[in-house]
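[1] sequence and predicted model, in that order:
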Amino acid sequence: MSRGVPLTDEDREPWLELIRTTAKNKVAENGDGVVITCSALKRYYRDILRGRMKPASSKGPVLDPPVEAKELATYFVWIDGSRELLEKRIGRRQGHFFKASMLDSQLRTLESPRDEGGVVVVPLEVDTTEQVRIAVEELNEQMGS
């Protein structure tokens with residue numbers, strides 16, 4: 001991506017599987033949850049992170065057995081905003097590998113998680129403090145905390 005070339009599913013699959021495995025190991029070690037940030041643009045990517053799907057490039061069955069919630073309950077926070085506001089925010093970044101020229105390809109890839117379980121939608125238009133407040137409040141509600 002730093003060269004301006006979008007990643008393919010095949011590029012992302014081992015990375016997503018490693019993220020899930022690392023998170024499971026951390027939770028097993030310390031019993032606490034973990035927070036991971038990544039774009040997870042497609043449902044397929046989110047399902048790999050949820051443990052519901054094995055990457056197509058991996059050996060073995062495509063579908064994993066259902067994951068026990070206690071093993072690694074997985075939630076997503078989706079910051080939803082207009083293309084224009086995304087472009088404006090990207091334009092203000094300095095020294096970041098993600099350039100505004102890559103935005104359209106990412107938006108074409110995006111599959112809205114709005115109708116999936118375990119997803120909190122946060123508006124891009126509000127400030128960061130309010131985004132965090134909304135995310136924490138809704139995550140606590142979904143987790144029954």
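    That came in fine, so what should we check first? The structure displayed is predicted, hence computed values, not measured ones.
[2] now do the SS call for residue 77.
    Assigned by DSSP: H, G, I helix; E, B strand; the rest coil, the conformation of residue 77 is strand.
[3] quick one: mean pLDDT for the helix or strand harbouring residue 28?
    For residue 28, the element it lies in under DSSP states H and E is helix 9-30. Averaged over helix 9-30, pLDDT sits at 90.
[4] what separates that helix from the chain centre, distance-wise?
    For helix 9-30, the distance from its own C-alpha centre to the chain's C-alpha centre is 12 Å (Cα atoms, centre = their mean, to the nearest Å).
[5] just checking, what packs against it?
    Using 3 or more Cβ pairs under 8 Å, 6 or more residues apart in numbering; DSSP states H and E, the elements in contact with helix 9-30 are helix 43-50, helix 69-72. All C-beta atoms are positioned from the backbone trio N, CA, C, and that covers glycine.
[6] buried residues in it?
    Using 16 or more other Cβ atoms under 10 Å as the burial criterion, the residues of helix 9-30 that qualify are 12, 13, 16, 17, 19, 20, 23, 27.
[7] separation between the spatially most central residue of the chain and residue 130?
    The centre of the chain sits closest to residue 40, judged by Cα atoms, centre = their mean, with a distance of 3.7 Å. Plainly put, residue 40 is 22 Å away from residue 130 if you go by Cβ to Cβ, to the nearest Å.
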